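Engineer: What follows is a predicted protein model with its sequence.
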Amino acid sequence: MSEPRSDVVRLSTGIRGLDGLLAGGIPEGFMVALVGMPGTGKTVACIHFAWAGLSAGESAIYVTTEESRESVIRQAAQFGMGFDRASREGRLIILDALMRKDDEWSLKEVSVEEMLDRVIAAKRSLGRGARRLVIDSMSAFWLSAPVKAREDSYSVKRVLSKWGLTIYVTSQYAITTGSAFGWGVEHVADGIIHFRRAISGGVLRRYLLVEKMRQTPHDLRAWEIEIRDGSGMELVRPLARRAEDDALPGGVMRRIREHSGDEEP
Ligand SMILES: Nc1ncnc2c1ncn2[C@@H]1O[C@H](COP(=O)(O)OP(=O)(O)OP(=O)(O)O)[C@@H](O)[C@H]1O
């Protein structure tokens with residue numbers, strides 16, 4: 001297997017252990033879909049991604065559709081991430097589609113057009129320092145028209161592609177079927193990280209799997225994750241046994257170890 005292209009600039013996910021599964025991180029300019037059932041960790045992963053930029057001095061744009069701006073700030077604070085301060089410093093703009101207050105950064109209506117308009121205004125306001133955009137979640141835009149999912153996802157990618165943003169979009173999977181509500185963001189996205197949950201030994205466990213990441217020799221295993229008060233999400237262990245690692249393409253295990261600093265399991 002050839003080496004990863006050296007001209008791919010990668011952005012950290014901000015989650016300990018995850019960059020190593022992605023040959024260093026998310027390729028700049030990608031739109032990555034975080035998909036899964038409720039409570040599996042999508043929002044927490046979004047918060048880590050935004051904070052990875054903010055803590056490095058970047059700016060960030062965060063669209064929240066199912067929680068208020070204040071709720072996102074509180075959730076981040078529980079992981080020791082200063083969204084409040086970044087907002088006050090004018091480096092973080094949280095576009096609130098839920099509370100619809102009468103301010104510049106609240107969406108007046110829950111439509112993709114309005115959201116794109118506000119994202120572009122936020123990007124103009126923040127300038128070059130804003131490299132990361134989170135849209136959590138896209139599903140809110142399709143409540144009454146699930147058939148619009150694919151078209152809207154395409155619009156988001158097409159309109160925002162020229163703004164130099166690397167984008168996380170979340171999409172919810174139905175509790176009943178554990179899958180998407182129809183054609184969704186996955187086909188348009190450059191990458192898919194799938195979050196899952198299961199009850200094992202009477203305990204709720206969560207997992208993530210990188211299902212797709214263009215231009216990336218990524219890990220192919222499901223990993224158990226934990227969400228901890230104070231520090232947030234962490235990868236705990238891969239579900240695959242050591243012997244099954246042999247199924248990974250050559251060079252992938254080496255790169256995973258280089259980036260994670262892990263000992264030989
Ligand atoms: N401070 C904390 N300490 C430990 N676990 C936490 C903490 N805050 C949140 N969690 C865990 O994270 C879960 C919520 O995860 P998250 O909001 O990322 O899910 P989600 O996949 O975005 O769900 P949805 O699709 O419903 O928005 C909670 O149910 C809880 O288990």
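Structural biologist: Structure's in. What do you need?
Engineer: The ligand contacts on this structure?
Structural biologist: Counting by Cβ under 6 Å from any ligand atom, the chain comes close to the ligand at 36, 38-44, 66, 78, 172, 195, 227-229. Using the backbone N, CA and C atoms, a C-beta is placed for each residue, glycine as well.
Engineer: Drop the exposed ones from those residues and show what's left.
Structural biologist: By neighbour count, with 16 or more other Cβ atoms under 10 Å, those hold G36, T40, G41, K42, T43, V44, Q172, F195, I227 as buried.
Engineer: What about these, which are in helices?
Structural biologist: K42, T43, V44 (DSSP state H).
Engineer: just the residues of the chain next to the ligand now: which is nearest L95?
Structural biologist: Taking Cβ to Cβ as the measure, L95 sits nearest to E66 out of the residues of the chain next to the ligand, at 12.8 Å.
Engineer: In which helix or strand does the closest one reside?
Structural biologist: Using DSSP states H and E, E66 sits within no helix or strand.
Engineer: Test my guess that it contacts S137.
Structural biologist: Yes - with contact defined as Cβ atoms under 8 Å, E66 reaches S137; the gap is 6.2 Å.
Engineer: farthest pair in the buried ones among the residues of the chain next to the ligand?
Structural biologist: Largest separation among those by Cβ to Cβ: Q172 and I227, giving 17.5 Å.
Engineer: Run through the bridge partners of the closest residue to V44 other than its chain neighbours.
Structural biologist: Distance criterion Cβ to Cβ, 6 or more residues apart in numbering; nearest residue to V44, sequence neighbours excluded, is M233 at 5.1 Å. According to DSSP bridges, the residues that bridge with M233 are I227.
Engineer: quick one: M233 from A33, how far?
Structural biologist: 17 Å (Cβ to Cβ, to the nearest Å).
Engineer: Which of those two has more residues huddled nearby?
Structural biologist: A33 (27 against 23; other Cβ atoms under 10 Å).
Engineer: element containing that one, please.
Structural biologist: In this structure, A33 sits in strand 31-36 according to DSSP H and E.
Engineer: which helices and strands does that strand pack with?
Structural biologist: helix 42-54, helix 149-160, strand 166-172, strand 191-200 (3 or more Cβ pairs under 8 Å, 6 or more residues apart in numbering; DSSP states H and E).
Engineer: Skipping its backbone neighbours, what lies nearest C46 in space?
Structural biologist: V134 (4.4 Å).
Engineer: Which residues are in contact with the residue in the stretch 51-200 of the chain positioned nearest to the ligand?
Structural biologist: Using Cβ to the nearest ligand atom, the single residue of the stretch 51-200 of the chain nearest to the ligand is Q78, 3.7 Å away. Residues in contact with Q78, defined by Cβ atoms under 8 Å, 6 or more residues apart in numbering, are D229, G230.
Engineer: What of A122?
Structural biologist: Each residue near A122 by Cβ under 8 Å, 6+ apart is listed here: I61, I93, L95, W105, A130.
Engineer: 7 Å - rerun?
Structural biologist: With contacts defined as Cβ atoms under 7 Å, 6 or more residues apart in numbering, A122 is in contact with I61, I93, L95.
Engineer: Would you mind listing the buried residues in the helix or strand containing it?
Structural biologist: Secondary structure assignment for A122, by DSSP H and E: helix 112-126. For helix 112-126, burial by neighbour count (16+ other Cβ under 10 Å) applies to V112, M115, L116, R118, V119, I120, A122, K123, L126.
Engineer: Can you tell me the SS state at D219?
Structural biologist: Of the three states, D219 takes coil under DSSP: H, G, I helix; E, B strand; the rest coil.
Engineer: Can you report how many residues lie near it?
Structural biologist: 27.
Engineer: now swap in T65 and tell me
Structural biologist: Using other Cβ under 10 Å: T65 sits among 20 other residues.
Engineer: what's the answer for K148, then?
Structural biologist: For K148, the tally of surrounding residues (other Cβ under 10 Å) stands at 15.
Engineer: Tell me the confidence at it?
Structural biologist: On pLDDT, K148 comes in at 80.
Engineer: Bridged to the nearest residue to V119 once chain neighbours are set aside, which residues?
Structural biologist: The shortest distance from V119 to any non-neighbouring residue, by Cβ to Cβ, 6+ apart, is to I61 (5.9 Å). Beta bridges link I61 to I93, L133, judged by DSSP bridges.
Engineer: Sweet, I'm off.
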